[in-house]
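>>> From the sequence below, what's the structure:
(chains A and B)
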Amino acid sequence: MHSHFLYMVVFAAAVGVVLGAMLRRELGEAVWLAMWITLGMVGTALLLAWAMYFVSH
Amino acid sequence: MSDPDFPACSSTRESLSVVDGDKVEVAFEADPLRVVVSSVLAWVMPGLGHIASGRVMRGIVFAIVVLSLFLGGILLDGKVYRPEPGQPLSYLAAVGAAGVGLPYVAAHQAGWNLGDIRSQSHEYGNTFTLVAGLLNLLIVLDAYDVAAGRR
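Numbers count the residues shown, from 1 in each chain, chains lettered A, B, ... in the order given. Next comes the predicted model:
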C-alpha cells in the first residue's frame, strides 16, 4: 500500500533535518528550524492541494 | 547551549590585522589541502567531509538522512538519473543525482538505477533520489566552508 502523504512527510522531514543542521549551529535552534521547515512544506502542500480541489470543481 | 560534538575546526589559523587605525579584521588561513580533501570526501560519501573536519554528529546526521533518502527512492521504484543523448534535461538531473557520490555509482553498477515506471511511487522515488543528490551538493558546500574555517 502506498501512502502519498507519508512520502511527502518523509521527504519534508529529510529536507528539514539537513537544512536545520546546516544553517544552525546550536542543537536546539537546528531542531526548531527543521521542524518549521517540515511543517511549512507539508502545510504548503496541503494548502495547494486544497486550492487545486476548488479549481477542479 | 553549544553542542560539544561540534568543535572548532583545527585546520585554520586566525590572524588579526588592523584596518583604518581602529578596526580589527579577522582573517582565517585554512590549509588548502585539507579544504579540498574535506570537500571531496563530502561528495564521495555524504557526511564524511564533516566527520573529517571534526563535526562528527553533524556528519552522521547528514549521512543517515541523505543515504536513507537515496535508498528510499530506489526502494520506491524510482530511477537514478543518468545522461541520455537527445534529452538535455537528463544531463541536469544526472548532475543533481550524482551529487550523492559513491552511492550513485554503486546504484548504477548494481543495476538499481532503472526503477519501475508502472509503480505508483515511481515519481516519488525519482524525486527522492534526485533531491538526495542535490542536498549532498549543499552539504559539500557546507563542508568546504567548515574546512575553510568560515563556519
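>>> Quick one: mean pLDDT over the lengthiest helix in chain A.
Ordering each helix of chain A by length in residues (DSSP state H) puts helix A:27-56 first. Averaged over helix A:27-56, pLDDT sits at 94.
>>> Let me see the ranges of the strands in chain B.
Here chain B has its strands, by DSSP state E, at B:12-19, B:23-30.
>>> rank the ones you listed by mean pLDDT and give me the bottom one.
Looking over those, mean pLDDT reaches its minimum on strand B:12-19, with a mean of 55.
>>> Spell out which parts of chain B neighbour chain A.
Residues of chain B lying near chain A by Cβ under 8 Å from any Cβ of the partner chain: B:1-3, B:6, B:58, B:61-62, B:65-66, B:68-69, B:72, B:76, B:120-121, B:124, B:127-128, B:131, B:135, B:138-139, B:142, B:151. Using the backbone N, CA and C atoms, a C-beta is placed for each residue, glycine as well.
>>> hmm, which of those are the buried ones?
Buried members of those, counted by 16 or more other Cβ atoms under 10 Å in any protein chain shown: B:6, B:58, B:61-62, B:65-66, B:69, B:72, B:76, B:121, B:124, B:127-128, B:131, B:135, B:138-139, B:142, B:151.
>>> Just the CA atoms of the one helix or strand A:Ala21 maps to, as CSV, please.
Element membership for A:Ala21, per DSSP states H and E: helix A:4-23. Coordinates of each C-alpha in helix A:4-23 appear next as CSV, following Å, rounded to 0.1, in the frame of the first residue of the first chain:
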residue,chain,number,x,y,z
HIS,A,4,1.4,9.6,-0.7
PHE,A,5,1.0,11.7,2.4
LEU,A,6,3.6,9.6,4.2
TYR,A,7,6.1,10.0,1.4
MET,A,8,5.5,13.8,1.4
VAL,A,9,6.1,14.0,5.2
VAL,A,10,9.3,11.8,5.0
PHE,A,11,10.6,14.0,2.1
ALA,A,12,9.8,17.2,4.0
ALA,A,13,11.4,15.9,7.2
ALA,A,14,14.6,14.9,5.4
VAL,A,15,15.0,18.3,3.8
GLY,A,16,14.2,20.0,7.1
VAL,A,17,16.7,18.0,9.1
VAL,A,18,19.5,18.6,6.5
LEU,A,19,18.8,22.4,6.3
GLY,A,20,18.3,22.7,10.0
ALA,A,21,21.6,21.0,10.8
MET,A,22,23.4,23.0,8.1
LEU,A,23,22.0,26.5,8.9
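>>> relative to helix A:27-56, how tilted is that helix?
140 degrees (axes from the mean of the first three to the mean of the last three Cα atoms, to 10 degrees).
>>> In terms of secondary structure, what does helix A:4-23 contact?
helix A:27-56, helix B:56-75, helix B:122-147 (3 or more Cβ pairs under 8 Å, 6 or more residues apart in numbering or on different chains; DSSP states H and E).
>>> And the most centrally placed residue in chain B, how far from A:Met22?
Centroid-nearest residue in chain B, with Cα atoms, centre = their mean: B:Asn136, separated by 2.6 Å. Distance, B:Asn136 to A:Met22, by Cβ to Cβ, to the nearest Å: 11 Å.
>>> ok, now B:Asp116?
Per Cβ to Cβ, B:Asp116 is found 33 Å from A:Met22.
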